[in-house]
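**Student:** Just to be clear, the model below is a prediction. Sequence and coordinates:
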Amino acid sequence: MRNFEHAAVWEADRDHFIHPYADFANFKAEGSQIITEANGVHILDSTGRKYLDGIAGLWCVNVGHGREEIANAVSSQIMKMQYYNPFGHSTNVPAAILARELASLTPGTLNHVFYSTGGSTANDAAIRIVHYYFNQLGKPNKKKIISRIDGYHGATYVAANLTGIHATKIGFDAIGRDLIHHVSAADTYRGGDGRSDEEYCDFLVDEFERRILQLGPDNVAAFIAEPIMGAGGVLVAPQGYHSRMHQICKKYDMLYIADEVVTAFGRLGEWFSSEALFGHVPDILILAKGITSGYIPLGATILSDAVHDVISQPQCVDGVFTMGFTYSGHPVACAAALETIDIMKRENMLDHVRNVGPHLQAYAKKLLRHEIVGDVRGSHLMLGIDLVSNRQNKEGFPASSHAADVVFARCKENGVIIRPIGNRIVVSPPLILSKTDCETIVDVLDDAISAATQTLQN
Ligand code: PMP
């Protein structure tokens, strides 16, 4: 490994690394904080400052930082066979074994795994597979996809268009051909509008059905949704929503794609949340992030037997499935995933999350004492907080006041990393944190929100 002075790294970064989601002007002036070490629930920067990582890297480092077991699994796979292509009939040991493991952990008949390199590519692959599926069925017009406002599905062209977060689209183009349509977010805080959960759910399901009828059921192929919206601000749907949306999909011969990039691998105390917490088995399941705990990039698009049966029949094509990435089923990434799963099993991590998760949610409710906190919500180790300038009408602060950034800055000063998103704050720590760590995150937030109240109200 080469060694570099941190000043040289800082300059190289500022001059040559295009960062996701950086403000070009500020970035040139301020540059980056260099994260140099990570262990357990903590990260260290180049000045030696230590932080409690309240966001698990970016919703991904589920088993915690610095796991020697994963380093060993990765290095031994590299020494044995670091890469050979998976095209046609060649395979590798970790990819095959991981596919079987995923098939056994997932619910229902989700038994067939197409690998990619992350959440975006897994979602893009899903949409291509959905289109291929309906071509195979002789329904070439059934192509439109319904997604949701405030949903996040990635940054490649199709995934970015599936995404319904307005701020991610500014300055970019929409994909053509009237392909993707958005319905309302399922957001029990803002969307409910005084309605009961049941009435709100009726409204969302009705809106969805009306949209399908308007687009024409013969033209609509699939619905994609996160069980709990993550990057949109940890938005929780009313009870029964997902299974009812899935029923509507069945009624109109559409596929339901569950984007569990964030909600799988223990974040909600389950391997996968769709069936365990939301009462339905999707037709296609999207995984990334926690699948390797962020140690190596990997994505997976998992198909039900029924979907796989159709795409594997040589009907409208000659039987060759002409889609694949160089790194589909990368042996090193799959070895990291297998070790991640083994660690989770060995350490009973799902039980741990079922224990600490409710504590985080309950303890965080104390943040409601602040006038500028409109809502504290979530499930297990996904926590969302809405900052409001007016609790009655739930109005946020103007974008120019960067409300959540103000809170973020103070938390960071006090050694805790949370994620600011406009007027929303999200917390998604490594699953291994203790109850005391949960309390530290919330206590630091509590102080930061007190300080921010003064700044924001002046
Ligand atoms: N889907 C969801 C629900 C996500 O949260 C993300 C990333 N935050 C993605 C897809 C995209 O994944 P990636 O950044 O690995 O492409």
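**Tutor:** Received, thanks. Everything quoted here is computed from the prediction, not taken from an experiment.

**Student:** Of all residues in the stretch 1-150 of the chain, which one is closest to the ligand?
**Tutor:** G119 (2.2 Å; CB to the nearest ligand atom). All C-beta spots, glycine's among them, are computed from the backbone N, C-alpha and C.

**Student:** Would you mind measuring from the residue nearest to N423 when sequence neighbours are not counted to I165?
**Tutor:** Leaving aside its sequence neighbours, N423 sits nearest to G396 (CB to CB, 6 or more residues apart in numbering; 3.5 Å). Shown here: G396 relative to I165, a distance of 14 Å by CB to CB, to the nearest Å.

**Student:** List the contacts of A56.
**Tutor:** If you count contacts by CB atoms under 8 Å, 6 or more residues apart in numbering, A56 has them with N62, G294, S428, P429, P430, L431.

**Student:** Tell me how many other residues crowd the closest residue to G422 other than its chain neighbours.
**Tutor:** Counting by CB to CB, 6+ apart, the nearest residue to G422 once its immediate chain neighbours are dropped is A404, at 6.2 Å. A404: 24 surrounding residues under other CB atoms under 10 Å.

**Student:** Residue ranges of each domain in the chain, please.
**Tutor:** Domain ranges of the chain: 33-63+348-457, 69-346, per automatic domain parsing.

**Student:** possible to save the ones you listed as TSV with mean pLDDT?
**Tutor:** Converted to TSV, those look like this (pLDDT from 0 to 100):
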stretch	mean pLDDT
domain 33-63+348-457	97
domain 69-346	96
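
**Student:** in stretch 451-458, what's buried?
**Tutor:** Within stretch 451-458, the residues that count as buried by 16 or more other CB atoms under 10 Å are A451, A452, T453, L456.

**Student:** And that stretch, how far out from the chain middle?
**Tutor:** Centroid separation for stretch 451-458 versus its chain: 31 Å, with CA atoms, centre = their mean, to the nearest Å.

**Student:** which residue packs closest to the residue in the stretch 301-450 of the chain positioned nearest to the ligand, ignoring adjacent ones?
**Tutor:** The ligand sits closest to S428 of the stretch 301-450 of the chain, with a gap of 9.7 Å, by CB to the nearest ligand atom. Spatially, and ignoring its direct neighbours in sequence, S428 is nearest to W59 (4.6 Å; CB to CB, 6+ apart).

**Student:** With V220 instead?
**Tutor:** Closest residue in space to V220, ignoring its immediate chain neighbours: K144 at 4.7 Å, by CB to CB, 6+ apart.

**Student:** Just to check, that neighbour is in contact with F223?
**Tutor:** No: with contact defined as CB atoms under 8 Å, K144 and F223 do not form a contacting pair (10.2 Å).

**Student:** higher neighbour count, these two?
**Tutor:** Set side by side, K144 and F223 show more neighbours around F223, with 26 against 20, by other CB under 10 Å.

**Student:** Spell out the secondary structure type for the more buried one.
**Tutor:** Assigned with DSSP: H, G, I helix; E, B strand; the rest coil, F223 falls in the strand class.

**Student:** Tell me who's in contact with it.
**Tutor:** Residues near F223 by CB under 8 Å, 6+ apart: I145, I146, S147, F208, M245, I248, C249, M254, L255, Y256, I257.

**Student:** and those, which of them are in strands?
**Tutor:** When DSSP state E defines the strands, the subset of the contacts of F223 inside them is I145, I146, S147, L255, Y256, I257.

**Student:** Make TSV from these and add neighbour count and distance to the ligand to it.
**Tutor:** Shown next, in TSV, are the ones in strands among the contacts of F223 (neighbours: other CB atoms under 10 Å; distance: CB to the nearest ligand atom, whole Å):
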residue	neighbour count	distance to the ligand
I145	23	14
I146	23	16
S147	24	11
L255	25	17
Y256	24	15
I257	28	11
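
**Student:** Report the two of the residues you listed separated the most.
**Tutor:** The span of the ones in strands among the contacts of F223, defined through CB to CB, is set by S147 and L255 at 13.0 Å.

**Student:** between the contacts of F223, which is closest to I70?
**Tutor:** Closest approach to I70 among the contacts of F223 (CB to CB): I257, at 28.6 Å.

**Student:** hey, what's that closest one bridged with?
**Tutor:** For I257, the beta-bridge partners are I224, I284 (DSSP bridges).

**Student:** got the contact list for it?
**Tutor:** Contacts for I257 were tallied using CB under 8 Å, 6+ apart; they are N123, A126, V130, A222, F223, I224, A225, P282, D283, I284, L285, I286.

**Student:** now with 7 Å?
**Tutor:** Each residue near I257 by CB atoms under 7 Å, 6 or more residues apart in numbering is listed here: A126, A222, F223, I224, P282, I284, I286.

**Student:** and if you look at D173?
**Tutor:** If a contact means CB under 7 Å, 6+ apart, then D173 has no contacts.

**Student:** Pull up the gap between the closest residue to C249 other than its chain neighbours and A186, please.
**Tutor:** The shortest distance from C249 to any residue other than its chain neighbours is 4.6 Å, reached at Y256 (CB to CB, 6+ apart). The gap separating Y256 from A186 is 14 Å, by CB to CB.

**Student:** Residues touching the longest helix along the chain, excluding its own?
**Tutor:** The residue-count maximum for a helix in the chain (DSSP state H) belongs to helix 435-457. When contacts are defined by CB under 7 Å, 6+ apart, helix 435-457 is touched by residues 41, 52, 54, 356, 359-360, 363-364, 366-367, 370-373, 397, 401, 403, 406-407, 410-411, 414, 416, 418, 427, 429.

**Student:** and the gap between L137 and D375?
**Tutor:** Separation of L137 from D375 (CB to CB) stands at 43 Å.

**Student:** Give me the more crowded residue out of those two.
**Tutor:** Legend: neighbour count by other CB under 10 Å for L137 and D375, higher for D375 (23 against 15).

**Student:** Spit out the contact partners of that one.
**Tutor:** Y189, D386.

**Student:** That one should be in a helix, yeah?
**Tutor:** No: counting by three-state DSSP, D375 is not part of a helix but strand.

**Student:** can you list the residues of the stretch 101-250 of the chain near the ligand?
**Tutor:** Counting by CB under 6 Å from any ligand atom, the residues of the stretch 101-250 of the chain close to the ligand are G118, G119, S120, N123, Y152, H153, G154, A155, E226, G230, A231.
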